[in-house]
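Undergrad: Next one to model:
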Amino acid sequence: MPDILIVKLNATGDVVRTTPLLHRLEGDIVWVTARANLPLLQGVHPRVRCLAWDERHQAAGTTYDLAINLEDEAETAQFVAERRPTRTFGARLARDGSVTYSDDARDWFDMSLISRFGRQRADELKLHNRRSYQDMLFAGLGFKFRGERSWLPKPVPTDLHGDVAIASVAGPVWPMKNWALYDELQRQLEASGLRVNVLPKRATLLEHMGDIANHRCLVGGDSLPMHLALGLGKSCVTIFNCTSPWEIHDYGLQTQLVSPLLERFFYQRGMDTRATTAIPVRQVLDAVKQRLDMPALAE
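TA: Predicted structure coming up:
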C-alpha cells in the first residue's frame, strides 16, 4: 500500500472540503495541518495519522509515494520537497526557489495566489469557473468525484437547539461575506413560529459542530459553518456576496443565493455595504422556508 502525505494547514473550511479524498486514497496517510484543525481530523479514518505543523518532523523517515500539497507558501513547499516524494500534486518548489505547482493540479492552482497567469487573470478564471473544488481535486489525482461526503468526527452534544441556526460572522479576511440583514431575517423567521439561534463562539470546533447538528437548517455565508453543515448532512441556505458559489458542491442540501453584484465585488477583501445588502431579506426568508418545507409568504 502506498504512503501518502497531505499538507493542508489553514482555512478550516478548506480542510473539511478536502476530506472527501479519504474515500478514494488507498494507503497510509499522514496529514499535516494547523494545530487548531486537529480535532476535525484525529480519529476520523483508521489509516490517517494527523500531525500539527509544529510536529511535522514526525513525518520524516518515510518514503512517500504521493505528496498532496494544497498550500501555496514557500515553507510548506520546502517541507514537501525535503520528503522527496515520488509524485507531488499541488504546490512545489521551482529550481529558483519560487513556488509553482504540478501540471496535474493546474485546474485549481491556475486560480490561486500563485497562478502562473498572475492574480488578475486568476480571479477572472475563478469567476468563470463552474467546477467544484472537489471535482477539480479529484480529477487532478485521477479520480472522478461522485459526491463523496466529508469525513467529520462526532460532534460534542450541546444545549443549543432550534429550527434555524444563523452563522452571521464569516471572519475578518472577507468582510463582504457578512450579509448585513441577519437581524431582520431572525425577526421574521421567529414571527413565523420558528426557533432561531445565532451561533455563539465556542471553545472547541466539536462544540461548534454540535450546535449546527442541533438545527434543521443553517443560514450564513461562504464560511466554515457552511462546510460543517454540508458534512453533517444539514440543509443550508448560503449567501454569496463576493466569493464563488460554483466551487461549492451542494450535495443536494444547499440553496445558493448569489448576489446580483457578485461580479462587481468578486474576491475583493475590502468593505462596501452595497455588497452586503444586495440580497433582500425576503429572498433569504423564502429560501429558508422552502428548505424547511414551509409555505413561502404570499405576494
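Undergrad: Flag the shaky bits of the stretch 151-299 of the chain, pLDDT-wise.
TA: 295-299 (pLDDT under 70).
Undergrad: Which phi and psi values does Val30 adopt?
TA: phi -110, psi 120 (degrees, to the nearest 10).
Undergrad: how much space between it and Glu55?
TA: 10 Å (Cβ to Cβ, to the nearest Å). C-beta: built from backbone N, CA, C; applies to glycine.
Undergrad: the more surrounded of those two?
TA: Between Val30 and Glu55, Val30 has the larger neighbour count (other Cβ atoms under 10 Å), namely 20 against 12.
Undergrad: what sits against the more buried one?
TA: Contacts for Val30 (Cβ atoms under 8 Å, 6 or more residues apart in numbering) come out as 3-6, 48-51, 59, 62, 64.
Undergrad: at 7 Å what do you get?
TA: By Cβ atoms under 7 Å, 6 or more residues apart in numbering, the contact list for Val30 reads 5, 49, 51, 59.
Undergrad: bridging residues for it?
TA: Taking DSSP bridges, one obtains Leu5, Arg49 as the residues bridged to Val30.
Undergrad: Read off the pLDDT value for it.
TA: Each residue has a pLDDT score; the one for Val30 is 97.
Undergrad: Isn't Leu125 up against Trp108?
TA: No - in this structure, Leu125 is not within contact of Trp108 by Cβ atoms under 7 Å, at 10.4 Å.
Undergrad: out of the two, which sits in the more crowded spot?
TA: Neighbour tally, Leu125 and Trp108, criterion other Cβ under 10 Å: the higher count belongs to Trp108, 22 against 15.
Undergrad: mind checking the SS state of that one?
TA: Using DSSP: H, G, I helix; E, B strand; the rest coil, the structure places Trp108 in helix.
Undergrad: which stretches of the chain form helices?
TA: 12-18, 38-41, 74-83, 106-109, 119-128, 133-140, 182-191, 205-213, 224-232, 262-265, 273-277, 281-291 (DSSP state H).
Undergrad: okay but Val32 is in contact with His57, surely?
TA: No - checked against Cβ under 7 Å, the pair Val32 and His57 is beyond contact range at 10.4 Å.
Undergrad: Would you mind telling me which of these two has the busier surroundings?
TA: Val32 (24 against 9).
Undergrad: residues contacting that one?
TA: By Cβ under 7 Å, 6+ apart, Val32 lies in contact with 7, 9, 51, 53, 56, 59.
Undergrad: again with Asn129
TA: The contact partners of Asn129, by Cβ under 7 Å, 6+ apart, come to 111, 244, 246-247.
Undergrad: Show the end-to-end separation of stretch 123-137, please.
TA: 18 Å (Cα to Cα, to the nearest Å).
Undergrad: got it, and stretch 271-285?
TA: End-to-end for stretch 271-285, by Cα to Cα: 24 Å.
Undergrad: before we move on, what about stretch 161-175?
TA: Distance across stretch 161-175, first residue to last, is 28 Å (Cα to Cα).
Undergrad: heads up, I number from 103, so please use that
TA: Let's use 103 as the start, then, which means that last one is stretch 263-277.
Undergrad: For that stretch, buried residues please.
TA: For stretch 263-277, a neighbour-count test (16 or more other Cβ atoms under 10 Å) marks 264-272, 276-277 as buried.
Undergrad: Adding distance to Leu355, write these out as TSV.
TA: As requested, the buried residues of stretch 263-277 are exported to TSV (distance: Cβ to Cβ, whole Å):
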residue	distance to Leu355
Gly264	18
Asp265	16
Val266	14
Ala267	14
Ile268	17
Ala269	15
Ser270	20
Val271	22
Ala272	19
Trp276	22
Pro277	26
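Undergrad: neighbours around Leu332, how many?
TA: Leu332 has 26 neighbouring residues, counting by other Cβ under 10 Å.
Undergrad: Tell me how far it lies from Ala377.
TA: As for Leu332, its distance to Ala377 is 23 Å (criterion: Cβ to Cβ).
Undergrad: ditto for His147
TA: 38 Å.
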